[in-house]
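[1] test case, fold it:
(one chain, ligands or ions: 1)
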Amino acid sequence: MSLVIAAPKPVLLPVTGTADLFPVRRVYCVGRNYAAHAREMGFDPDRDPPFYFCKPADAVMPVAEGAVLDLPYPSLTANYHYEAELVVAIGTGGANIPVEQALDHVWGYAVGLDMTRRDLQIGMREKGRPWEIGKAFDSSAPIGPLHPAGTVDGMAEAGIWLTVNDTRKQDSNVSHLIWSVPETIADLSRYFRLEPGDLIYTGTPEGVGAVVAGDLIVVGVDGLGTISARVVTR
Ligand code: MN
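    Numbering: from 1, shown residues only. Down below sits the predicted model:
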């Protein structure tokens, strides 16, 4: 037997400080997981159950430490938004994972960006349609190197921030997550059997906004370093 077309290349994330690589399987994202962001999007953050959307694995754009990613301005939008996020990488799969055991399934953490065509997302949302064209487009998931879970402390209380052209736009703390990382893993694993290689973008704090070609985005999570991306014309 032979392949009738070339197999897609796997998406591989560098592991910080090593030559090792982490293969990406699926990308789950949590919606409205910081109260102040839910409010800025016009919702009452009343601790409704978390909800999820997905991006294709090949939307993931690894960014090396110290590098500046060229981030193409996507087609068909006039409101291209950044969202700073803590990303969790699953190393051990499972379904119906108890919250007390959830962190045992985490391989590592990274800084990520959930890039969004906000106009298309809101247009679809208002019609009760799926969000894919607003969320799951090419290059919509930049991510920094993975940090193994055993090498980082205090992820539950880490600062998370984002600047555009050196102006601070987002400035929050992972402790403000409505659904914590263990709670999110436990809940998500009720709907999907999580598998090694899955990524979870855990949600963004308040302060989201638009960028245009030429803008420089820098995102950081305390303990995980920073990643940089320059918005460029396609
Ligand atoms: Mn998001």
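[2] get me the contact residues on the protein for the ion.
    83, 114, 204 (C-beta under 5 Å from the ion). Glycine gets a C-beta too; all of them are placed from N, C-alpha and C.
[3] if we use 8 Å, what do you get?
    Where proximity means C-beta under 8 Å from the ion, the interface of the chain facing the ion comprises 29-31, 33, 83, 85, 114, 116, 135, 201, 203-204.
[4] nearest residue to the closest residue to the ion within the chain other than its sequence neighbours?
    Nearest residue of the chain to the ion (C-beta to the ion) works out as D114 at 3.4 Å. Nearest-residue entry for D114: E83, 4.1 Å, with adjacent residues in sequence omitted and distances by C-beta to C-beta, 6 or more residues apart in numbering.
[5] so which elements touch the helix-or-strand element of the chain with minimal mean pLDDT?
    Lowest by mean pLDDT, DSSP states H and E among the helices and strands of the chain is helix 35-40, with a mean of 89. Contact partners of helix 35-40 among helices and strands, from 3 or more C-beta pairs under 8 Å, 6 or more residues apart in numbering; DSSP states H and E: none.
[6] which element follows that helix toward the C-terminus?
    The helix or strand immediately downstream of helix 35-40 is strand 51-55, counting by DSSP states H and E.
[7] show me what that next one packs onto, helices and strands only.
    strand 27-31, helix 132-135.
[8] what mean pLDDT does that strand have?
    In this model, strand 51-55 has an average pLDDT of 97.
[9] same question for stretch 95-103.
    Computed over stretch 95-103, the average pLDDT equals 98.
[10] ends of it, how far apart?
    End-to-end distance of stretch 95-103 (C-alpha to C-alpha, to the nearest Å): 14 Å.
[11] residues of that stretch that come out buried?
    97, 102-103 (16 or more other C-beta atoms under 10 Å).
[12] can I get these in JSON lines including secondary structure?
    Below are the buried residues of stretch 95-103 laid out as JSON lines (DSSP: H, G, I helix; E, B strand; the rest coil):
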{"residue": "I97", "secondary structure": "coil"}
{"residue": "A102", "secondary structure": "helix"}
{"residue": "L103", "secondary structure": "helix"}
